[in-house]
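Student: turn this into a model:
(2 chains)
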Amino acid sequence: MADSYRNKSNSKLKQFFAGDLWYDFYHSPVALLSFSISLICLLLALTAQLIAPFDIFDLAAIDLMDADLPPPWAGEEGDSRFFLGTDDQGRDIWSGILYGAQISIFVGFTSVIISAIIGIALGLLAGYKGGRIDSFIMRVADIQLSFPAILIALLIDGVMRGLLPREMHDELAVYVLIFAISISGWVQYARTIRGSVMVEKNKEYVQAGQVIGLPSHIIALRHILPNVLNPIFVIGTIHLASAIITEATLSYLGVGMSPTTPSLGTLIRIGNEYLLSGEWWITLFPGAALVILVLSVNIFGDWLRDALNPKLR
Amino acid sequence: MFSFLINRLLQSIVVLIAVALIAFSLFKFVGDPINNMVGQDTTLQEREELRERLGLNDPFHLQFYHFIKNAAVGDFGISYRHKVPVSDLIAERAPATLELSIISVLLSVFIGIPMGVYTAIHRRGFISRSFMSLSLVGISLPTFLIGILFIFLFGVILRWLPTFGRGEVVSIGWWTTGLLTWSGIKSLILPSITLALFQMTLIMRLVRTEMLEVLCTDYIKFARARGLSEQAINFGHALKNTLIPVITIIGLQLGLVMAFAIITETVFQWPGMGMLFIQSIEEVDVPVMAAYLMMISLIFVSINLLVDILYAYIDPRLTIDGGSKHG
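Tutor: Predicted coordinates for the structure are as follows:
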């Protein structure tokens, strides 16, 4: 049994490598480059605890004597231990970026997954049930779509922060952020899934299922869902980039992650105060890291959308 | 047509009531309003009297009704932090935000449209290609990072322009403007470009796509055959026919400008409503938060209602199936 299963997944892998998508990917420098940069960013962020030269959360390792050092290659005062310089408290910028990217990517991924689950569930419900439930869900989606996602995330974040006692802000900041970003992003998934479900629902296999008396949640989850999931990966990739931007923006505005557990946005906010006095490295390096991360994910998402779009073939 | 309008109007009202409920629940669940109004030495009895007088012991629906009634005339009470009526605070901050938003919309229209036309006509030229790739980067970069880069480049390295505040402002009645002083105009440059950049790229790309489509049509070929000048064809005939979608987008973008103004204002310490809102979140200043929440949703709902009505007017097919755009 297990053996046949392995064979099956093996042949699926083979199918993938023999397929068009892999061919396109392998022969597109843009796709290869953007995907490898995204992957490198991801690996660096995930292994921050192992590869960062300093632990930025360890107060004993921080020495105020090292504060505000420029990168060694840009100014004479630099210290060769800190190749991107240090911030106002003597923390290594490069380590800060690694830990910060980890938090940014964690918030981004979690929000995308939650958004996708909410969106897929509501889209499936709306598309399969139709009628009143459908028009209600889609009306809510319409209304939400008329507000920009970043504004909705900001408003939800603000309201939640207002409702929480002040002492809990820092502890719960990450959950508030994830909640706000997830709620602001489900519409795209729901609309796409609903559209595909409405097409699938009239196909013979669904009718066959109905005729033999399968309960509707089995038909919807086991039979329709696997056939409509493909576009989700494209939406998810592009949404990941925008979720990371939203997180960074909220943290930059001071209503996201707290300075004790900094994400990339928080690092940029902290450094912003020192920009005017000429200490550019505290802000610009985390900013550059954010740009590289978001741009590579975005470009890869764009390529994936075009590659999977049959109209462009 | 009539039922469509009623439908949309009802929907807008439902949205506003939902937002009002959220705003109201902020008042109910965040701290005790009495504590925010009186000093330490107020006795319990005095507090209870104040509570009764303010109607805080009334049932929920009655309090909500009073809240809506006051909100409808713009009365959101007194800011916990600034100790002045919220409506005064907003009136004081509104000119800064409006000036910034209007200037940046104008910038994006008057730069974005010509750029779109240019990139459509000289499709394969070097300048068009660099515009297009630059615009891709512009769309991907978060607004606040663009602002920071501008500050670093023009404020710190070149020292050409101020990087925070509005500069000197002149008051005309209750309106304050920075457009009449040199320092005011200089202060406006960086924030307005930062805010305009995103829309500029959007308008440019939209105009370009529409122009490319129009330029292939028969009547343009015919105009060429008649020997009209390039100028007359491109601007008189082609551009004119691309403008309807462009105007719609610009209208819809007005709301987006307000949203992004929050970010731009924070980056440049611009004393507008967006910064007021961010500060109110940090300080848990509930009346200000509630007022901003209501105001921004009112703006969005009205813009969308207006666009819906205009669309229904232009395209009567939309109104046939009970007003659902997505059938």
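
Student: below-threshold pLDDT in the stretch 51-200 of chain B: ranges please.
Tutor: The stretch 51-200 of chain B contains residues with pLDDT under 70 at B:54-55.

Student: can we see that at 90?
Tutor: Applying pLDDT under 90 to the stretch 51-200 of chain B picks out residues B:51-99, B:101-102, B:105, B:108-109, B:112-190, B:193-200.

Student: what about the helices in it?
Tutor: For the stretch 51-200 of chain B, the helices defined by DSSP state H, counting those that start in this stretch occupy B:60-72, B:86-121, B:126-140, B:143-150, B:182-215.

Student: out of those, which one sits most buried?
Tutor: Counting by mean count of other Cβ atoms under 10 Å in any protein chain shown, helix B:143-150 has the highest mean neighbour count of the helices of the stretch 51-200 of chain B, with a mean of 22. Every C-beta, even on glycine, is put in place using the N, C-alpha and C of the backbone.

Student: mind saving the C-alpha coords of that one as CSV?
Tutor: These are the backbone C-alpha positions of helix B:143-150, laid out as CSV (Å, rounded to 0.1, in the frame of the first residue of the first chain):
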residue,chain,number,x,y,z
THR,B,143,5.2,54.1,-0.1
PHE,B,144,7.0,54.7,3.1
LEU,B,145,10.3,53.5,1.7
ILE,B,146,10.0,55.8,-1.3
GLY,B,147,9.4,58.7,1.2
ILE,B,148,12.5,57.7,3.2
LEU,B,149,14.6,57.5,0.1
PHE,B,150,13.4,61.0,-1.0
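
Student: output the set of residues of the stretch 151-300 of chain B in proximity to chain A.
Tutor: B:151-152, B:155-156, B:163, B:255-256, B:259-260, B:262-263, B:266-267, B:277-278, B:281-282, B:284, B:286, B:289, B:293, B:296-297, B:300 (Cβ under 8 Å from any Cβ of the partner chain).

Student: how about a cut-off of 10 Å?
Tutor: Residues of the stretch 151-300 of chain B found near chain A (Cβ under 10 Å from any Cβ of the partner chain) are B:151-152, B:155-157, B:163-164, B:252-253, B:255-260, B:262-263, B:265-267, B:274-275, B:277-286, B:289-290, B:292-293, B:296-297, B:300.

Student: so who does residue B:169 touch?
Tutor: Residue B:169 makes contact with B:95-96, B:99, B:175-181, B:183-184, B:187, B:271, according to Cβ atoms under 10 Å, 6 or more residues apart in numbering or on different chains.

Student: settle this for me: residue A:258 is touching residue A:266, isn't it.
Tutor: Yes. Here residue A:258 reaches residue A:266: they are 7.3 Å apart, a contact under Cβ atoms under 10 Å.

Student: overlap in contacts, these two.
Tutor: A:173, A:251.

Student: tell me which element the residue minimising distance to the centre of chain B is part of?
Tutor: Closest residue to the average C-alpha location of chain B: residue B:258 at 1.8 Å, with Cα atoms, centre = their mean. Using DSSP states H and E, residue B:258 sits within helix B:243-267.

Student: could you tell me the angle between that helix and helix B:86-121?
Tutor: Here helix B:243-267 runs at 130 degrees with respect to helix B:86-121, directions being taken by axes from the mean of the first three to the mean of the last three Cα atoms, to 10 degrees.

Student: which positions within helix B:243-267 qualify as buried?
Tutor: For helix B:243-267, the neighbour count (16 or more other Cβ atoms under 10 Å in any protein chain shown) marks B:246, B:250, B:253, B:255-267 as buried.

Student: pull out the buried positions in stretch B:265-279.
Tutor: For stretch B:265-279, burial by neighbour count (16+ other Cβ under 10 Å) applies to B:265-268, B:270-278.

Student: which of the contacts of residue B:169 sits closest to chain A?
Tutor: residue B:187 (14.7 Å; Cβ to the nearest Cβ).

Student: surely that closest one touches residue B:160?
Tutor: No. Under the criterion of Cβ under 10 Å, residue B:187 makes no contact with residue B:160, lying 12.0 Å away.

Student: spell out which residues of the stretch 201-313 of chain A are next to chain B.
Tutor: Near chain B, the residues belonging to the stretch 201-313 of chain A are A:241-242, A:244-246, A:248-255, A:265, A:268-269, A:271-272, A:275-280, A:283-284, A:286-288, A:290-291, A:294-299, A:302 when assessed by Cβ under 10 Å from any Cβ.

Student: would you mind checking the residues you listed for buried ones?
Tutor: Using 16+ other Cβ under 10 Å as the burial test, those include A:241-242, A:244-246, A:248-255, A:265, A:268-269, A:271-272, A:275, A:279-280, A:283-284, A:286-287, A:290-291, A:294-299, A:302 as buried.

Student: which ones are touching residue B:210?
Tutor: By Cβ under 10 Å, 6+ apart, the neighbours of residue B:210 are B:116, B:120, B:238-239, B:241-246.

Student: remind me, longest helix of chain A?
Tutor: Determined from DSSP state H, the single longest helix within chain A is helix A:93-129.

Student: hey, C-alpha coordinates of stretch A:274-287 in CSV?
Tutor: The C-alpha atoms that make up stretch A:274-287 are tabulated as CSV, following Å, rounded to 0.1, in the frame of the first residue of the first chain:
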residue,chain,number,x,y,z
TYR,A,274,18.7,58.8,12.9
LEU,A,275,18.5,59.3,9.1
LEU,A,276,18.5,63.1,9.4
SER,A,277,21.7,63.1,11.5
GLY,A,278,23.4,61.2,8.7
GLU,A,279,23.3,57.6,10.1
TRP,A,280,21.8,56.2,7.0
TRP,A,281,22.8,52.6,7.5
ILE,A,282,20.4,52.0,10.3
THR,A,283,17.4,52.6,8.0
LEU,A,284,18.6,51.9,4.5
PHE,A,285,19.9,48.4,4.9
PRO,A,286,16.7,47.0,6.4
GLY,A,287,14.9,48.9,3.7
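
Student: now it: average pLDDT?
Tutor: In this model, stretch A:274-287 has a mean pLDDT of 82.

Student: wait, what's in contact with residue A:35?
Tutor: A:25, A:28, A:296-297, A:299-300, A:303-304.

Student: dump those into CSV; add secondary structure as well.
Tutor: Shown next, in CSV, are the contacts of residue A:35 (DSSP: H, G, I helix; E, B strand; the rest coil):
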residue, secondary structure
A:25, helix
A:28, coil
A:296, helix
A:297, helix
A:299, helix
A:300, helix
A:303, helix
A:304, helix
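
Student: go through those and name the one nearest chain B.
Tutor: Nearest to chain B among the contacts of residue A:35, with distances taken as Cβ to the nearest Cβ, is residue A:299, at 8.1 Å.

Student: I'd say that closest one and residue A:29 touch.
Tutor: No. The pair residue A:299 / residue A:29 is not scored as a contact, 11.3 Å apart, by Cβ under 10 Å.

Student: please name the nearest non-neighbouring residue to residue 127.
Tutor: Just going to use chain A. Excluding its sequence neighbours, the residue lying closest to residue A:127 (Cβ to Cβ, 6 or more residues apart in numbering or on different chains) is residue A:197, at 3.0 Å.

Student: sorry, should have said chain B
Tutor: Per Cβ to Cβ, 6+ apart, closest to residue B:127 is residue B:118, 7.5 Å.

Student: can you pull the contacts of the one you found?
Tutor: By Cβ under 10 Å, 6+ apart, residue B:118 lies in contact with B:125, B:127-128, B:131, B:204, B:207-208, B:211, B:234.

Student: repeat for residue B:289
Tutor: Applying Cβ under 10 Å, 6+ apart to residue B:289 gives the contacts A:155, A:158-159, A:161-162, B:23, B:26-27, B:30, B:76, B:79, B:86, B:276-277, B:280-281, B:283.
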